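[1] A predicted structure for the sequence below; I have some questions about it.
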Amino acid sequence: MSNENELIKGVIDGDEKFCEKILNLYKGRIFSYVLRLVKNYDDAEEITFEAFIKFFKSIKTFDINKPIGTYLFTIAHNLVIDFFRKNKVDYEYLDERHSIREDFIEKYEKERIMHAIEEAIQKLAPLDREIVVLFHKENLSYQEMSKILDLPITTIKTRLHRARIKLKEILKNKYSRNKISDIDENKF
């Protein structure tokens, strides 16, 4: 039995420590995902809380052979869509990136580029923004994204490819050729 199966079984059995373990494992990722979408701390906190409530309420019907994370992201995605519909708000995403190099000048330049990427992501179509965030920030597979977004994998791959091209075009206008070549297409 996998670790996730044990967690689910513990929650179904009513053991609060297993609920707490699931919260500790996923609340940060779910909150971060939702915050990047709704761009409001209080709303993100409320949606995240609601996602976990829905998760725990539906736990007895949860297929223990499926990943918990995918299920939680699906719930969060649906709640964000409901939130946007209710508030008539367009998607606005930021894809936060952090430099891993210690050199200050390189770090500054990379942060400046990442900021430009975040701005460029905001110019994408709402669904494309979400695909970019789920794939690059949340490191979800095409299969997981397909389940969350309820789209065929080929559609996700196509939209991700087109979004990368669009991001590169947007960034070309902002940076010189040599800086753009430093940006790894797989970072966005």
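    Sure thing, it's come through.
[2] in this protein, which spans are helices?
    Secondary structure of the chain (DSSP state H): helices located at 3-12, 16-38, 41-57, 68-87, 104-122, 126-132, 142-149, 153-174, 177-182.
[3] Please tabulate those helices in a markdown table, including the columns mean pLDDT and mean neighbour count.
    For glycine as for every other residue, the C-beta is placed from the backbone atoms N, C-alpha and C. Below are the helices of the chain laid out as a markdown table (pLDDT from 0 to 100; neighbours: other CB atoms under 10 Å):
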| stretch | mean pLDDT | mean neighbour count |
| --- | --- | --- |
| helix 3-12 | 74 | 16 |
| helix 16-38 | 86 | 18 |
| helix 41-57 | 91 | 16 |
| helix 68-87 | 88 | 18 |
| helix 104-122 | 72 | 16 |
| helix 126-132 | 87 | 21 |
| helix 142-149 | 91 | 20 |
| helix 153-174 | 88 | 16 |
| helix 177-182 | 48 | 11 |
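[4] Would you mind measuring from the residue nearest the centre of the chain to residue 61?
    In the chain, the residue lying closest to the centroid (CA atoms, centre = their mean) is residue 134, at 3.7 Å. For residue 134, the distance to residue 61 (CB to CB, to the nearest Å) stands at 24 Å.
[5] can you check residue 119 too?
    Computed as CB to CB, the residue 119 to residue 61 distance reads 42 Å.
[6] and if you look at residue 120?
    Computed as CB to CB, the residue 120 to residue 61 distance reads 40 Å.
[7] Domain ranges for the protein, per the record?
    The record's domain parsing of the chain by automatic domain parsing lists 3-87, 104-187.
[8] Can you give me the pLDDT of residue 1?
    If you check residue 1, the pLDDT there is 42.
[9] check contacts around residue 77.
    130, 148, 149 (CB atoms under 8 Å, 6 or more residues apart in numbering).
[10] check contacts around the last one.
    This means residue 149. By CB under 8 Å, 6+ apart, the neighbours of residue 149 are 77, 127, 130, 131, 134, 156.
[11] Tabulate these (JSON lines), appending distance to residue 10.
    JSON lines is the format used below for these (distance: CB to CB, whole Å):
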{"residue": "77", "distance to residue 10": "26"}
{"residue": "127", "distance to residue 10": "36"}
{"residue": "130", "distance to residue 10": "32"}
{"residue": "131", "distance to residue 10": "34"}
{"residue": "134", "distance to residue 10": "28"}
{"residue": "156", "distance to residue 10": "33"}
